[in-house]
Structure formats: C-alpha cells, structure tokens
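# can you look at this prediction? I've put the sequence above it.
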Amino acid sequence: EADIYQTPRYLVIGTGKKITLECSQTMGHDKMYWYQQDPGMELHLIHYSYGVNSTEKGDLSSESTVSRIRTEHFPLTLESARPSHTSQYLCASSDSGEMNTEAFFGQGTRLTVV
Amino acid sequence: DAKTTQPNSMESNEEEPVHLPCNHSTISGTDYIHWYRQLPSQGPEYVIHGLTSNVNNRMASLAIAEDRKSSTLILHRATLRDAAVYYCILRDADKLIFGTGTRLQVFP
C-alpha cells in the first residue's frame, strides 16, 4: 500500500483566494512530484523536488509554487486562484535517483475555481 | 525526454489476454521502460518495469523487443477491474513523463 496522502480530495473555491494543496508521504522518499491533469487528458509534470530545499519546474508552466522544507511534505500553493486553475492535481514520490524504482501516487485533489 | 507511442484505445473481453503495445524508437541504453495504469478517479499506479529482459509480476508481464525500440504489456486474463488508461513511460532519473496512454475497455 502506498503511504502518500493528499488533502483535500475535493476543493471548490472562489476566484482570487489563496489555496494550498497538501501532499505528505511516510516512505522517506527524496523525490516528489506534482502533476496536473484535466479530465480525460494526460498528466503534465508541473513541479518536482530532489529533496529538502530543492524545487524544480516541470515540463508544463504553472502559476503555482511549491516548497520542500521537510522530506515528507511537498505542498503546492496558488496565491490567487483563477477558473483556469480548475483541474486535478496529483502528487507522487519515489526513491532517490534510480530509474528502476517505482513512483507512488496520491489520490489527487480535484480543484474547482468558481 | 525520450518519447513513447501507444494506441489511443483498445478493447478486450473478460478472461481474454490483452497485449498493449508501446513504441519507443528513441530509447537510450540506460532508459528503463515503466508501465503505470490509472483507474477512473484514481491516481496512477505502478504496474511493471524492465530494462532488457522480459519481466513477470503478479499483475502483468512485460515483453521487451531485442532492440528495445518497442515493448508489450501483457495482461494474461483481463478482468473488468483492469479497465483503465495504461501508460508506457521511459523513466528518466529525474522525472516521470507521461504520454497520452492507451484506454483499455474490458467487456463482460
């Protein structure tokens, strides 16, 4: 069983609000990732981290920001939510460095900005 | 990032084997081939991975071509719970880059 958790599962929020999506894992993984996925579409990598104090932008440009102060925690923040941010956000983690290790995904946060 | 090509959709009947193909002609010598699947309303889950040799686990088998330019995920007996989008990915040390995947439908 994967030990990676995302909260909230669903969020409906008004335009202009600041939001933080939480992601935590208890596996001690160094690598963590955020993906954005619109309904029926592919996953796009928006942020990733090699470890504490490391954050990198992914292949899809995003107005969100991330932080990695603790190994187990990788929150994503939107300073001012807009309807265009409506999407599903998926967090994942994997063991460090090796290409032959699997990634574990959370259940996702489905965000709706009205 | 190396790219993969998969059919958009495939269909199968329950209890039949399913062969999901993936082309990765630009694969490099150190790229691992990973397969994930995403059930409806779920995050992706790991299925299997390999480098050169064929691999088997409790979920599926992975057949890798000798030149490594293609691979096939084999579900030996499809069930209704196997209906999902299956992603073939070339694993980069830093990132997991997903393509569009193959949507598998399983009919009773």
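Great, that's in hand.

# from here on, contacts and neighbour counts on C-alpha atoms
Will do.

# could you find the closest non-adjacent residue to the most centrally placed residue in chain A?
Residue closest to the mean C-alpha point of chain A, counted by Cα atoms, centre = their mean, is residue A:34 at 3.1 Å. Take residue A:34 and drop its neighbours on the chain: the residue closest to it by Cα to Cα, 6 or more residues apart in numbering or on different chains is residue A:91, 4.6 Å away.

# then residue B:57?
Nearest to residue B:57 is residue B:48, by Cα to Cα, 6+ apart, at 7.2 Å.

# tell me which helix or strand that neighbour sits in.
strand B:45-50 (DSSP states H and E).

# picking that back up, does the residue nearest to residue A:34 really touch residue A:35, like I thought?
Yes - counting by Cα atoms under 8 Å, residue A:91 touches residue A:35, with 6.3 Å between them.

# I'd like the distance between residue A:63 and chain B.
Between residue A:63 and chain B the distance, using Cα to the nearest Cα, to the nearest Å, works out to 20 Å.

# now swap in residue A:51 and tell me
From residue A:51 to chain B the distance is 12 Å (Cα to the nearest Cα).

# assign a three-state SS to that residue, would you?
Using DSSP: H, G, I helix; E, B strand; the rest coil, the structure places residue A:51 in coil.

# just checking, it touches residue A:28?
No - with contact defined as Cα under 8 Å, residue A:51 does not reach residue A:28; the gap is 10.1 Å.

# what does residue A:95 show for phi and psi?
phi -70, psi 160 (degrees, to the nearest 10).

# number of nearby residues for the nearest residue to it once chain neighbours are set aside?
Leaving aside its chain neighbours, residue A:95 sits nearest to residue A:29 (4.8 Å; criterion: Cα to Cα, 6+ apart). Using other Cα atoms under 10 Å in any protein chain shown, residue A:29 is surrounded by 18 other residues.

# okay, and the residue nearest to residue A:34 sits in which element?
Going by DSSP H and E, residue A:91 is part of strand A:87-94.

# list the pairing partners of that strand within its sheet, with orientation.
strand A:31-37 (antiparallel), strand A:103-105 (antiparallel), strand A:109-113 (antiparallel) (DSSP bridges).

# which residues of chain B lie near chain A?
B:31-32, B:42-46, B:49-50, B:91-101 (Cα under 8 Å from any Cα of the partner chain).

# in strands only, show me those residues.
With DSSP state E as the criterion, strands contain B:32, B:45-46, B:49-50, B:91 from among the residues of chain B next to chain A.

# closest to residue A:45 out of these?
Closest approach between these and residue A:45, by Cα to Cα: residue B:91, at 13.4 Å.

# in chain B, which spans are strands?
B:9-13, B:18-23, B:32-38, B:45-50, B:55-56, B:61-64, B:70-75, B:84-91, B:102-107.

# okay, these in JSON lines with distance to residue A:18 and mean neighbour count next?
Formatted as JSON lines, the strands of chain B follow (distance: least, Cα to Cα, whole Å; neighbours: other Cα atoms under 10 Å in any protein chain shown):
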{"stretch": "strand B:9-13", "distance to residue A:18": "39", "mean neighbour count": "15"}
{"stretch": "strand B:18-23", "distance to residue A:18": "41", "mean neighbour count": "19"}
{"stretch": "strand B:32-38", "distance to residue A:18": "29", "mean neighbour count": "23"}
{"stretch": "strand B:45-50", "distance to residue A:18": "30", "mean neighbour count": "21"}
{"stretch": "strand B:55-56", "distance to residue A:18": "46", "mean neighbour count": "15"}
{"stretch": "strand B:61-64", "distance to residue A:18": "44", "mean neighbour count": "21"}
{"stretch": "strand B:70-75", "distance to residue A:18": "42", "mean neighbour count": "21"}
{"stretch": "strand B:84-91", "distance to residue A:18": "33", "mean neighbour count": "26"}
{"stretch": "strand B:102-107", "distance to residue A:18": "35", "mean neighbour count": "19"}
